[in-house]
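> would you be able to build a 3D model of this:
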Amino acid sequence: MIFSLYIINKAGGLIYQKDFSEGLAKLTDNEYLVLAATFHSVHAITSKISPIRNATSSGLEVLDADTFKLYCYQTLTGTKFLILSDPSHPNIDLVLRRTYDIYGDFVMKNPFYTPEMPIRSELFDINLAKLIKQVTG
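I've put the predicted structure just below:
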């Protein structure tokens, strides 16, 4: 089961958040913004502390907890796609990449969308819901 999706711009601002599970605790808008900024900071720190000399790290990619897994896919432009899922859910990497494809098709190709700003696209929401429905049931 996929619990939620967060999209964070390259400056650490939350530009999209969607919960897919009804059992999740609802946070305030400010708490979601703080969560996104905190993850952005942790991601930046982890990209600098690779234990292998002369290695370039892409930062935090998977956070494994008892009750969930957090997956991060960072694009070449610095946009981060985060998915919270059940620890046993398979193929989240494919879901992240497909989410990025949908983002490219319905957000970035929209002439009325301003990059780095919050995403308000009905077509993006519809196609994202189809993808989540496909992979969860």
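> in stretch 103-116, what's buried?
103, 106-107, 113 (16 or more other CB atoms under 10 Å). For the C-beta atoms, the positions are set from N, CA and C on the backbone; glycine is no exception.
> nope, stretch 26-39 is what I was after
Quick answer for stretch 26-39 (16+ other CB under 10 Å): 35-36, 39.
> show me where the chain has its strands.
Applying DSSP state E to the chain gives strands spanning 2-8, 14-19, 62-64, 69-74, 80-85.
> where does this structure have low pLDDT?
52-57 (pLDDT under 70).
> pull the CA atoms of stretch 110-130 into CSV?
Written as CSV, here are the backbone C-alpha positions of stretch 110-130 (Å, rounded to 0.1, in the frame of the first residue of the first chain):
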residue,chain,number,x,y,z
ASN,A,110,1.3,22.7,-19.0
PRO,A,111,2.0,26.2,-20.4
PHE,A,112,0.2,27.7,-17.4
TYR,A,113,2.4,26.1,-14.8
THR,A,114,5.2,28.1,-13.3
PRO,A,115,8.1,25.8,-12.3
GLU,A,116,8.9,25.5,-8.6
MET,A,117,5.4,26.6,-7.6
PRO,A,118,2.6,24.5,-6.1
ILE,A,119,1.1,22.0,-8.5
ARG,A,120,-2.6,22.6,-9.2
SER,A,121,-3.4,20.3,-12.1
GLU,A,122,-6.6,18.2,-12.3
LEU,A,123,-5.1,16.0,-15.1
PHE,A,124,-2.0,15.3,-12.9
ASP,A,125,-4.3,14.3,-10.0
ILE,A,126,-6.4,12.0,-12.2
ASN,A,127,-3.5,10.2,-13.8
LEU,A,128,-1.7,9.9,-10.4
ALA,A,129,-4.8,8.4,-8.9
LYS,A,130,-5.0,5.9,-11.8
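> of the strands of the chain, which is nearest residue 121?
Closest to residue 121 of the strands of the chain is strand 14-19 (CB to CB; 9.2 Å).
> tell me the strands beside the closest one, with direction?
strand 2-8 (antiparallel) (DSSP bridges).
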